[in-house]
Each structure stands twice: as C-alpha cells, then as structure tokens.
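Asker: any chance you could fold what I've pasted below:
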Amino acid sequence: MNNLNVHTRETAPEQSKALLDNSIKAFGSIPSLHGVMAESPEALEAYQLLHKLFQATSLDAEELTVVWQTINVEHGCHYCVPAHAAIAKMMKVDDALTVALRSRSPMPTPKLQALHDTTLAIVRNRGLISEAQVQNFYDAGYTQKQLLEIVLGLAQKIMSNYINHLADTPLDERFSAFL
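Answerer: Now for the predicted structure:
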C-alpha cells in the first residue's frame with residue numbers, strides 16, 4: 001500500500017537489531033509487524049514495552065484477549081485479528097471466545113461482556129464514557145486499575161493497528177491459519 005519496508009535483522013537499522021533479537025526470542029522469528037516497526041527503533045521499542053507491560057497487568061489470558069481482539073476487530077486490522085487469534089490459542093484461550101469476538105457475538109460470561117462493552121465504548125468514544133458505563137464495569141467485578149489497563153492495551157493496539165493499516169503489513173504464514 002504505502003511501500004513501507006518489512007525489515008529483516010540484516011536490513012534493519014543498527015539500533016533495531018537488538019530489538020529484533022527480542023522478537024526472535026519471543027516468537028521464534030520476526031513477525032512482519034516488527035519488521036515494519038524496525039524502521040523506527042523508537043517505535044519498535046515502545047511497542048515491545050507496551051506489549052510486555054500489558055501482559056503483566058492484572059488481566060488474565062481471556063481478558064487480555066477480549067481487550068486485544070475487541071480493539072483489533074473494531075479497527076478492522078487485517079493483521080492483528082488473525083495474529084491475536086493465534087496468540088490466544090498459544091495462551092490456551094477457548095476458541096469459542098475468539099470466534100465470539102471476531103463475529104461480534106455475545107461474550108460467554110457477563111464479566112467478559114462488561115469488559116468487551118467497556119473496551120468498545122472507550123475506543124468508539126475516545127475515552128469519553130458515561131458514569132453509568134463505568135459503574136457497569138465496576139459492578140461486573142472490575143476496578144479502576146483494570147479500567148486504566150484497558151487504556152494501556154489500547155495504546156499498544158493503536159500502534160499496531162495503525163501501522164498495519166499504513167504498511168498493509170503482509171500476514172505471517174503462521175497466522176494465515178487463523179484468518
């Protein structure tokens with residue numbers, strides 16, 4: 001689309017090489033998204049840090065998947081939707097949850113539905129959600145901490161979704177089974 005480079009370790013700027021080594025350690029190879037981000041070592045480093053921090057939040061694997069995929073589906077990200085379906089599988093998240101998120105069907109539990117609804121409201125309204133929406137989130141068993149953690153996940157997904165749109169990032173073969 002915009003002819004953005006998908007770097008390998010050999011073609012990446014020098015400052016990105018160690019960051020791409022981190023990608024290889026984490027994923028076994030360099031995901032195409034990371035290859036695109038390598039053009040800007042700062043962008044790749046920020047993305048890797050946001051990913052690490054979001055995974056370290058109080059949200060469990062299902063909840064991380066709900067936040068990631070709610071945002072990916074809403075943004076129509078051709079790369080992140082199948083990539084996070086694969087990641088959910090690796091995290092042993094039930095396939096039914098991934099299918100429900102992708103098809104915009106109801107979540108399997110009221111608590112996950114509240115997380116999905118709140119995430120979607122934050123995305124669609126740029127963080128301007130009503131007191132009633134926030135209270136519904138809290139009533140489902142979540143806290144202020146998790147409300148802020150959604151925003152952390154959104155920061156990560158804005159980076160990846162928007163960069164994928166700009167670059168028309170080619171889908172890695174390992175994710176193609178999750179289209």
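
Asker: my guess is H84 meets V73, correct?
Answerer: No - in this structure H84 lies outside contact range of V73 using C-beta atoms under 8 Å: 9.5 Å. Glycine gets a C-beta too; all of them are placed from N, C-alpha and C.

Asker: ok, those two, which is more surrounded?
Answerer: Each of H84 and V73 has its neighbours counted (other C-beta atoms under 10 Å); H84 has more, 28 against 18.

Asker: check which helices and strands the one helix or strand the more buried one maps to sits against.
Answerer: Remark: H84 resides in helix 80-90, with elements defined by DSSP states H and E. Helix 80-90 is packed against helix 61-75, helix 95-103, helix 144-167, helix 173-176, with contacts defined by 3 or more C-beta pairs under 8 Å, 6 or more residues apart in numbering; DSSP states H and E.

Asker: which elements pack onto the last one?
Answerer: Of the remaining helices and strands, those touching helix 173-176 by 3+ C-beta pairs under 8 Å, 6+ apart are helix 80-90.

Asker: which parts of the helix it packs on are buried?
Answerer: Using 16 or more other C-beta atoms under 10 Å as the test for burial, helix 80-90 gives C80, V81, P82, A83, H84, A85, A86, I87, A88.

Asker: tell me the one of these nearest K52?
Answerer: Minimum distance to K52 across the buried residues of helix 80-90 is 13.7 Å, recorded for I87 (C-beta to C-beta).

Asker: got a list of what the closest one touches?
Answerer: Applying C-beta atoms under 8 Å, 6 or more residues apart in numbering to I87 gives the contacts T65, W68.

Asker: quick one: it from K25, how far?
Answerer: 16 Å (C-beta to C-beta, to the nearest Å).

Asker: wait, A38 touches P13, no?
Answerer: Yes - the criterion here is C-beta under 8 Å, and A38 meets it with P13 at 6.8 Å.

Asker: between these two, who's got more neighbours?
Answerer: Taking neighbours as other C-beta under 10 Å, A38 and P13 compare with A38 leading, 25 against 13.

Asker: run a quick neighbour tally on the closest residue to G141 other than its chain neighbours.
Answerer: Nearest residue to G141 in three dimensions, chain neighbours excluded: K111, at 5.5 Å (C-beta to C-beta, 6 or more residues apart in numbering). For K111, the count of nearby residues is 17 (other C-beta under 10 Å).
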